[in-house]
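**Student:** Pasted the sequence and its predicted model underneath.
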Amino acid sequence: MHMADALISPVVGGAMWVATAGVAAYSIKKIQTEMDEKKVPLMGVMGAFIFASQMINFTIPGTGSSGHIGGGLILAILLGPYAGFLTMASVLTIQALFFADGGLLALGSNIFNMGFFTCFVAYPLIYKAFMGKGYSKRRIVFASVLTAMIGLQMGAFGVVLQTLFSGKTELPFGTFVLLMQPIHLAIGAVEGLVTAAVVTYIWNSRPEIIERAASGEAIGNVSIKKVVAGMVVIAMVTGAGLSWFASSNPDGLEWAMIKTAGTAELEATGTLHQQLSDLQTKTSFLPDYSFKASESEMEQVVGEGEEVWPAVSGGTSTAGLVGGGMTLALAVLMGLGVSMLKKRKNRFSA
Amino acid sequence: MSNIMDSLYNMRLLDDLARQDTVIHKLHPLVKLLATVSYLTVVVSFGRYDIGGILPLVIYPVMVFTLAELPVKPIVLRILLVSPFIIGIGILNPFFDKQIFVLGDREISRGWVTFLSILLKSGLTVTAALLLIATTGMDRLGSALRMLKIPRIFVLQLLLTYRYISVLMEEVARTLRAYSLRAPKQKGVHRSAWGSLAGQLLLRTFDRAQRIYEAMCLRGFAGEYNTGGFGKLRIGDWVYLAVWFLFFITVRFYNIPMLIGSLITGVIR
């Protein structure tokens, strides 16, 4: 479920970074006021635990295949939503840096999709509501599975929306949703079952860990009122967005881009178009350079709110191919040149 | 199992690389972080159909690779291993965008162009992120984050997570080895052991965290993870940053391959 940089636009990536930074700042404030410093090493080591336990393959009964956990729910249950969210954020940061699991620009999206929905929506609204009545094995299993599934569904839907708004894929909205949601239903079920098994085990052997976390003692509690208020806002925004999708022509990405992310794209194409025509005036002294003929066509495309399709004809495509090849060759030559210079310098100094 | 060993090897490789002493390694971590972020933004900001314009950006990783004297093979291997998700999403583009255009004397559908553009961007962004960590290292990156006023708690937590990943991964690897010796010919952990295996690990993690905290207190921990710190930016740092900024901006606003190409084809004609 990790979003990659290549699939995200700067606008979407930036917006998600802002959202995530907001939630993180709020969480940090909460931890500082309600939690003692003792918990910081615990958060750190728990993050490492989640990282390591993602490597454990759990055999899924009756299927012959195996799955692993994401860990968001375990973190929320054991550390509470605030510390859980921050811990998940650092796990995802290290994954992005060392394993290129999800990019750095997309990190905001990833933290939001995998941390926020589980820790701040599914956990307080479902898990805590169930556990308010007291712990029992059956209740732990039921609440964990439901919470994990719903949290992951929201996260997966977040991935779909962010990718579509970024406009890098041609997948229509419906197809994308059908690809993402069912598979994450299964993943969520496994996550929930493993989480339930672990929580039950801990509850049996060291109940105080679970109870201390559940009571919110020294670790922070989410106010249900605030969550509900937040959910209402999110529901309104999504509702408005969905009604857009549902109206007249719900035909996938092109349409979604024009109606929703259209403004950002249009601005970008506006400047790009300007640059292209600048470029055209600059280069028009070259013979056979066929930008001019295609200008009207380009304008038409821009008018439709699509990205500029570089006007292609015999002349430009040859120029593009030759220039692209030259650029790459230049890059390689620069690399070789620098490394030769370095070697020579080393030989002299040695 | 091999998965854990792979990950451990990967982290140690990047750690070792980050300990080298080259021009790039000596730069201020903040400068490298800012250059990486602006590079990523520029790469990603190109449109779906704009492949030519991105090509000059290949120069950045090439230069960092050579100046930092990094081995190309292990890092490129990592990049190739990454992101089946991207290929999975991208490969569908040709099926959904079948509009044809002519390149030279061939007909290609637009979908292939967008797929290629996604692949190219993915390769460049992943490389840039790996290069950042391979030339900076986690501790120095942490001090750069502190300079950017990222709250102390988060940075401390991030560095502790990083510090203990290798410890806990080794523990998980030992546990899994013990399990697999007692449960031969089994693909993963059986359902009956889900709770006890992961739960035991978790309990040990809790106890370990307690011991770590006590040890930290004994050594004078007062809420700050001291990384040695970095001084002010030097002239070299400013120059490095300025050169890349200028380069990225130029590449973003002028389609350099197109300029070179039209010059050459123009001259030939």
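**Tutor:** Received, thanks.
**Student:** Beyond the helix or strand harbouring B:Ala215, next helix or strand please.
**Tutor:** Here B:Ala215 sits within helix B:194-218, counting by DSSP states H and E. Using DSSP H and E, the helix or strand that follows helix B:194-218 in sequence is helix B:235-253.
**Student:** tell me the average confidence for the helix or strand that that following helix is followed by?
**Tutor:** Later in the chain than helix B:235-253, the nearest helix or strand by DSSP H and E is helix B:256-268. Helix B:256-268 carries an average pLDDT of 81.
**Student:** so what's A:Leu152 up against?
**Tutor:** Residues in contact with A:Leu152 (Cβ atoms under 8 Å, 6 or more residues apart in numbering or on different chains) are A:1, A:70, A:117-118, A:184-185, A:187-188, A:191. Glycine gets a C-beta too; all of them are placed from N, C-alpha and C.
**Student:** What helix or strand is it located in?
**Tutor:** Assessed by DSSP H and E, A:Leu152 sits inside helix A:137-166.
**Student:** cool, A:Lys168 as well?
**Tutor:** Going by DSSP H and E, A:Lys168 is not part of any helix or strand.
**Student:** ok, now the one 10 residues further on?
**Tutor:** Assigning secondary structure by DSSP H and E places A:Leu178 in helix A:173-205.
**Student:** Packing partners of that helix?
**Tutor:** Applying 3 or more Cβ pairs under 8 Å, 6 or more residues apart in numbering or on different chains; DSSP states H and E, one finds that helix A:173-205 contacts strand A:66-67, helix A:72-79, helix A:137-166, helix A:207-214, helix A:252-256, helix B:194-218.
**Student:** Backbone dihedrals for residue 8, please?
**Tutor:** Here I'm looking at chain A. phi -120, psi 150 (degrees, to the nearest 10).
**Student:** and if you look at B:Glu107?
**Tutor:** Torsion angles, degrees, to the nearest 10, at B:Glu107: phi -100, psi 130.
**Student:** cool, B:Glu69 as well?
**Tutor:** B:Glu69 adopts backbone torsions of phi 50, psi 50, taken as degrees, to the nearest 10.
**Student:** quick one: it from chain A, how far?
**Tutor:** Note on B:Glu69: its distance to chain A, by Cβ to the nearest Cβ, to the nearest Å, is 7 Å.
**Student:** sorry, back to before: can you state the direction angle for the helix holding A:Leu152 and helix A:207-214?
**Tutor:** Helix A:137-166 and helix A:207-214 are oriented at 40 degrees to each other (axes from the mean of the first three to the mean of the last three Cα atoms, to 10 degrees).
**Student:** What are the buried residues along helix A:137-166?
**Tutor:** By 16 or more other Cβ atoms under 10 Å in any protein chain shown, the buried positions in helix A:137-166 come out as A:140-166.
**Student:** Could you do stretch B:95-108 as well?
**Tutor:** Buried residues in stretch B:95-108, counted by 16+ other Cβ under 10 Å: B:96-97, B:101, B:108.
**Student:** and stretch A:338-350, anywhere near chain B?
**Tutor:** Yes. Using Cβ under 8 Å from any Cβ of the partner chain, stretch A:338-350 comes into contact with chain B via A:338-339, A:342.
**Student:** before we move on, back to that, among the buried residues of stretch B:95-108, which ones are in helices?
**Tutor:** Counting by DSSP state H, these place B:Phe96 in helices.
**Student:** who's in contact with residue 8?
**Tutor:** In the absence of a named chain, this looks at chain A. A:103, A:105-106, A:109, A:162-163, A:166, A:168, B:44.
**Student:** Not quite, go with chain B.
**Tutor:** B:Leu8 is in contact with B:166, B:169-170, B:173, counting by Cβ under 8 Å, 6+ apart.
**Student:** and with 10 Å instead?
**Tutor:** With contact set as Cβ atoms under 10 Å, 6 or more residues apart in numbering or on different chains, B:Leu8 has these partners: A:52, A:55, B:165-166, B:169-170, B:173.
**Student:** tell me what the longest helix seen in chain B is packed against?
**Tutor:** Counting residues, the longest helix found in chain B (DSSP H) is helix B:152-182. Under the contact definition 3 or more Cβ pairs under 10 Å, 6 or more residues apart in numbering or on different chains; DSSP states H and E, helix B:152-182 sits against helix A:10-34, helix A:39-53, helix A:81-99, helix B:2-18, helix B:138-147, helix B:194-218.
**Student:** buried ones in it?
**Tutor:** So for helix B:152-182, counting by 16+ other Cβ under 10 Å, buried means B:152-166, B:168-169, B:171-173, B:175-176, B:179.
**Student:** re the thing from before, between the helix holding A:Leu152 and helix A:10-34, what angle do the directions make?
**Tutor:** If you take the same axes, to 10 degrees, helix A:137-166 sits at 140 degrees to helix A:10-34.
**Student:** what's the pLDDT at A:Gly252?
**Tutor:** At A:Gly252, the predicted lDDT confidence score is 36.
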